[in-house]
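1. got a sequence here, can you build the structure:
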Amino acid sequence: LSGKIPGEYKNLINLEYLTIGTNRPNSVYETIPDWIFDLENLIEIDLNGNHLVGPIPSTIGNLVNLKKIDFGENKFTGNIPTTIGYLSTLNNFEIYENELTGNIPTQVGKLQNLISFKAYSNQLESFPKEFGNCKSLEEINLKDNNIDGAIPVEIGTIGWDEINKDNVFRYLDLSQNELTGNIPEEIGKLKMLQEIDLSNQRSVMTGEIPKKLGDLTNLQVMNFSSLKQITGNIPKEFKRLKNLKTLLLKDNNLSGNIPGELCDMKNLEILELQDNGLTGKIPEKVDKCKSLKTLKIDNNELTGDLPNEIVKMLSLETLMLNNNALSGELPDEIGEMESIKFLELQDNNFSGMIPGTIVDLTNLKTLKIGNNGLTGALPDKIGDLASLETLMLNNNGLTGALPDSFGDMTSLETLMINNNRLKEALPDSIGDMTSLE
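-> From the prediction side, this is the model:
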C-alpha cells in the first residue's frame, strides 16, 4: 500500500481494531489524522512503520477503550501526551524507534492495567517513579534514550500486588542511557524478574552491586556491563541465581576474587567479567558450571595456574584469559576441550611447551597464546587444526622449524609467529595457505 491513510475510515464509528502497520513502505510522510481520535470504540490501533511525523496528539486520551497502541517505527516528535493517563484499560503501549523527547509523563502511574511499555530508541529523558504504581506491568524497554539521573527506589514496587504479595514484572531494559547513581537494592524485590539490562551508560554509575539482587531467583539475564565506576566485589549471594544463563559484568571497576559460589549456577551459559580489577586465582570448582559456553575474564589481574578443572568443561566454546598474570604450564588435558572454538591466553606468564594434545581441538577457530614464556617446538601435527583461522604465537621462546603439516591449515587468515627462535626456513606446504593475509 502507498499514499495517505484513507480519510474514509473516519466514518467507521464502531471500528474496534485499526491496523495499518508495516505495510506501507512507499507511504508519504504525514501527520497522524485527527479523525482517528474520534473513533471512541477503538480497542487496538496499530500504525507501526508508516512514516508518520509530527507530535502524538493529546486527543489520544479520548480513546478510553484502548488496550493496545503501536506507533513504533515512525518519525513522531515532541512529548508523550499527559493524556495517556486517561487510558485506564491500556495493556500495551509501543512507541519505539521514533524521535520523541522530554520526560515520560508521570500520569503513566495511573495505568493500572498496563502490561508492556516499549519506548526504546527515542530521545526521552526520564524514568518516572510513578512506574512503581503500575501493578500489572510486566515489561519496560527504554533502551537507547537520554534518560538521566538515578534509578528511583520505587522501581521495587513495579508489578506488585500488595494484597496477594505477588509480583509480575519480568523484563527491564534501561541500557544505553545516561543513568547515574547507584543500582538500587530495591530491584531485589522484583521476584519474578527474568531479564535486567543496565549496560553501556553514557555517563557513570557508581557504588557496589547490591547483595539483595541474589534474591532474583527467576533471573535469566543480568547485564551490568560498561557502568564504568561500579566497584566492590561480585556478590557471593549470586549463588542463589539458579536460573541465570547470562551474567555480564565487563568493563567496570570490580575488585577482589572471583567468588567460587558462581560455580553453583548450574544453568549459567555466558560469564563475562573482562576489563575489571579482579585478583586471585580462577576458582578450581569452575567445572561445576556444566552449561558454560563462554568464559571471558581477560584484562584483569588474575594469578596462579590454569586449573585442570577448566579444561574439563566439555561445553565450553570460548575461553578468553588474555592480559592477566597467569603462570605455569598449559595442562596436557587441554586437548579434551572438544567444543572449544576460541582459546585466547596471550599476555600472561605461561611457560613450558605447547601441549601436543592441542592438535585434538579440531573445532578451534582462534588460538592466541602470544606474549608468554612458551618454549620448545610446535606440535608436529599442528596442521590437524584445519578449522583454525587465527593463530598468534608471537613473543615467546619457541624453537625449531615449522612442521611440514603447517600448510594443512588452509583456513588460516591471520598468523603471527614473530619474536621467537624459530628457524627461518618455511615448509613448502605454506604455499597452500591461500587464505593467509
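2. counting neighbours, what do you get for Arg286?
-> Actually, residue 286 is Val. It isn't Arg. 20 (other CB atoms under 10 Å). Where C-beta positions appear, they are placed from N, C-alpha and C, glycine not excepted.
3. residue contacts, it?
-> Neighbouring residues of Val286 by CB atoms under 8 Å, 6 or more residues apart in numbering: 263, 292, 295, 307, 309-310, 313.
4. measure it to Leu393 for me?
-> 26 Å (CB to CB, to the nearest Å).
5. list phi and psi for the nearest residue to Thr31 once chain neighbours are set aside.
-> In this structure, Thr31 finds its nearest non-sequential neighbour in Gly54, 3.9 Å apart by CB to CB, 6 or more residues apart in numbering. When read as degrees, to the nearest 10, the backbone of Gly54 gives phi 80, psi -180.
6. which residues does Gly54 bridge with?
-> Counting by DSSP bridges, Gly54 forms beta bridges with Phe76.
7. my guess is it meets Ile32, correct?
-> Yes: under the criterion of CB atoms under 8 Å, Gly54 makes contact with Ile32 at 7.0 Å.
8. okay, and the common contacts of these two?
-> With CB under 8 Å, 6+ apart as the test, Gly54 and Ile32 both reach Phe76.
9. neighbour count for those two, which is higher?
-> Between Gly54 and Ile32, counting by other CB under 10 Å, Ile32 is the more crowded of the two (22 against 14).
10. quick one: contacts for the residue nearest to Thr31?
-> Counted by CB under 8 Å, 6+ apart, Gly54 has contacts 31-32, 76-78.
11. one more time with 7 Å
-> Shown in contact with Gly54 (CB atoms under 7 Å, 6 or more residues apart in numbering): 31, 76-77.
12. and what of Glu178?
-> Counting by CB under 7 Å, 6+ apart, Glu178 has contacts 146-148, 201-203.
13. returning to what we had before: in strands, which of the contacts of Val286 fall?
-> Among those, the residues falling in strands (DSSP state E) are Leu295.
14. who wins on neighbours among the contacts of Val286?
-> Neighbour max across the contacts of Val286 (other CB under 10 Å) = Leu292, 26 neighbours.
15. does the nearest residue to Asp408 once chain neighbours are set aside belong to a helix, a strand or coil?
-> Among residues not flanking Asp408 along the chain, Gly383 sits closest, at 3.1 Å (CB to CB, 6+ apart). Secondary structure state of Gly383, per DSSP: H, G, I helix; E, B strand; the rest coil, is helix.
16. the one 5 residues further on too?
-> Put simply, Leu388 is coil when judged by three-state DSSP.
17. how many neighbouring residues does it have?
-> So Leu388, with other CB under 10 Å, has 24 neighbours.
18. dump the residue contacts of it.
-> 364-365, 367, 409, 411-412.
19. out of the residues you listed, which comes closest to Leu398?
-> Leu367 (13.3 Å; CB to CB).
20. what are the bridge partners for the closest one, then?
-> Leu343, Leu391.
21. correct me if wrong: it contacts Leu391.
-> Yes: counting by CB atoms under 7 Å, Leu367 touches Leu391, with 5.4 Å between them.
22. low-confidence ranges in this structure?
-> For the chain, applying pLDDT under 70 flags the ranges 1-10, 21-29, 163-164, 425, 428-429, 431-435, 437.
23. could you redo the last one with a cut-off of 50?
-> For the chain, applying pLDDT under 50 flags the ranges 1.
24. so what's the most centrally placed residue in it bridging to?
-> The centroid of the chain falls nearest to Asn223 when counting by CA atoms, centre = their mean (5.5 Å). In this structure, Asn223 bridges to Asp197, Leu248 when assessed by DSSP bridges.
25. wait, isn't it in contact with Leu248?
-> Yes: look at Asn223 against Leu248 with CB under 7 Å: they come within range, at 4.4 Å.
26. any common contacting residues for those two?
-> By CB under 7 Å, 6+ apart, the residues touching both Asn223 and Leu248 are Ser199.
27. and which of the contacts of Glu178 is nearest to Pro128?
-> For the contacts of Glu178, the nearest to Pro128 is Ile147 (10.1 Å; CB to CB).
28. is it correct that the closest one is in contact with Leu124?
-> Yes: using CB under 7 Å, Ile147 makes contact with Leu124 at a distance of 6.3 Å.
29. from Asp46, how far off is the residue nearest to Thr31?
-> 18 Å.
30. repeat that for Asn91.
-> 13 Å.
31. what do you get for Ile60?
-> For Ile60, the distance to Asp46 - CB to CB - is 14 Å.
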